[in-house]
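[1] mind looking at a prediction? Sequence and model below.
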Amino acid sequence: MPVSDHQLTQAWSEVLRLSEVQPGQAVTILTGAATHPQTLRAATMAAQAAGAIVSRIDLPPVNADKALSRDALAYLGETPLTGNPAAIAALKASDLVLDLMTLLFSPEQIDILESGTKILLAVEPPEVLVRTVPTEADRARVLAASTKLKKAKTMHVTSEAGTDVTFQLGEFPTICEYGFVDEPGRWDHWPSGFLFTFANEGGSNGTIVVDTGDIVLPQKSYTTAPIRLTIEKGYARAIEGGIDAQLLSEYMATFRDPEAYAMSHIGWGLQPRCHWSTLAMYDKEQTIAMDARAFEGNFLFSLGPNNEAGGQRTTACHIDIPLRNCTVSLDGEVVVRRGKVLDGGAA
Ligand SMILES: O=c1ccc(O)c[nH]1
């Protein structure tokens, strides 16, 4: 059901306040063919109310003929910014970019962030944005978890469904997503409230079982039977199971890219206002399923690119799979036990 312009504008004003937007700063709103008009309206009004100098850059869509999916996070790499020096220059000249289009995992995003520009991605439906307005407490909880993940040398994940996988850590940074951009050069995503890192290249080994009811993205499906992934030296060497495994396998095979099977980010969800069951209430076209990526206590693993964290792998195929009921431990210390976060709960 819809939220009012007033509610959504208030939500944007809070996010811009948390992002420390100052009067006179340049805020550029990046839009595309799928940008939600109410989100654009509310973001524009909130940025003006904050005294920012507001611009909008609207770019034509790309990739639709190659993607086999309409989900902006399914097909990565080239974006409407690729090869567009005028737009890139404008975004680099901005203090803050409100990405209502989706640049994630693009070389251009990394280039723009390195200039000191902040980028906030926000493409979920307006009512989801209003429900998941970030808080300082979200930030504190994610940062507290990151102090453990940053120091960890191994992550071990198990589940009663049969997951038993070990990741060697240390080569890549920890990325915290808490929904606002309070430092120059920071990227974040609203909604969020989770953290992750990337396993060392070749440093992932074991078995991951996507259990019945776990979610596969961008398929946006709840699996009807377990999918067993055999992970050896950083790659999913086998994907076995029933129809869900066959659908995932065939989809990935269409990319004809061995790098699509590489382990990408690994982490866990800390957002109590996001839920495993929410995806069941939406049409696939309406959401990119951030509830699934952020719900408290998930173990979220990804296959595909690692350029977001400075890695060399830029495959277009991006698979995100949040698992329920896993136990995640860092150097032997349990941080999530059978899907429950062990940090005393949300503040
Ligand atoms: O916010 C996001 C969204 C997708 C992803 O793979 C990582 N972070």
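    Arrived safely, thanks for sending. Numbers count the residues shown, from 1 in each chain.
[2] who does whichever residue of the chain sits closest to the ligand bridge with?
    Distance from the ligand to each residue of the chain (C-beta to the nearest ligand atom) is smallest for H189, at 3.7 Å. Bear in mind the C-beta positions are built from the backbone N, C-alpha and C, glycine included. Listed beta-bridge partners, H189: L121 (assigned using DSSP bridges).
[3] what's the answer for V97, then?
    Listed by DSSP bridges, the beta-bridge partners for V97 are T28, I119.
[4] and it, how many residues sit next to it?
    Neighbour count for V97, taken as other C-beta atoms under 10 Å: 28.
[5] how about the contacts made by it?
    By C-beta atoms under 8 Å, 6 or more residues apart in numbering, the residues touching V97 are V27, T28, I29, L30, L91, I112, T117, K118, I119, L120.
[6] distance of the last one from R324?
    This means L120. 28 Å (C-beta to C-beta, to the nearest Å).
[7] which one's more surrounded, those two?
    More crowded of L120 and R324, by other C-beta under 10 Å: L120, with 24 against 18.
[8] any idea how far the lowest-mean-pLDDT helix or strand in the chain is from the middle of the chain?
    Comparing every helix and strand of the chain by mean pLDDT, DSSP states H and E singles out helix 64-67 as the least confident one, with a mean of 90. What separates the centre of helix 64-67 from the centre of its chain is 21 Å, taken as C-alpha atoms, centre = their mean, to the nearest Å.
[9] what helices or strands is that helix leaning on?
    Other elements packing on helix 64-67 under the criterion 3 or more C-beta pairs under 8 Å, 6 or more residues apart in numbering; DSSP states H and E are absent; no helix or strand qualifies.
[10] how about the CA coordinates for it, as CSV?
    Listed next in CSV are the C-alpha coordinates belonging to helix 64-67 (Å, rounded to 0.1, in the frame of the first residue of the first chain):
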residue,chain,number,x,y,z
ALA,A,64,18.2,-5.2,-20.9
ASP,A,65,18.8,-7.2,-24.1
LYS,A,66,21.6,-9.2,-22.4
ALA,A,67,20.4,-9.6,-18.8
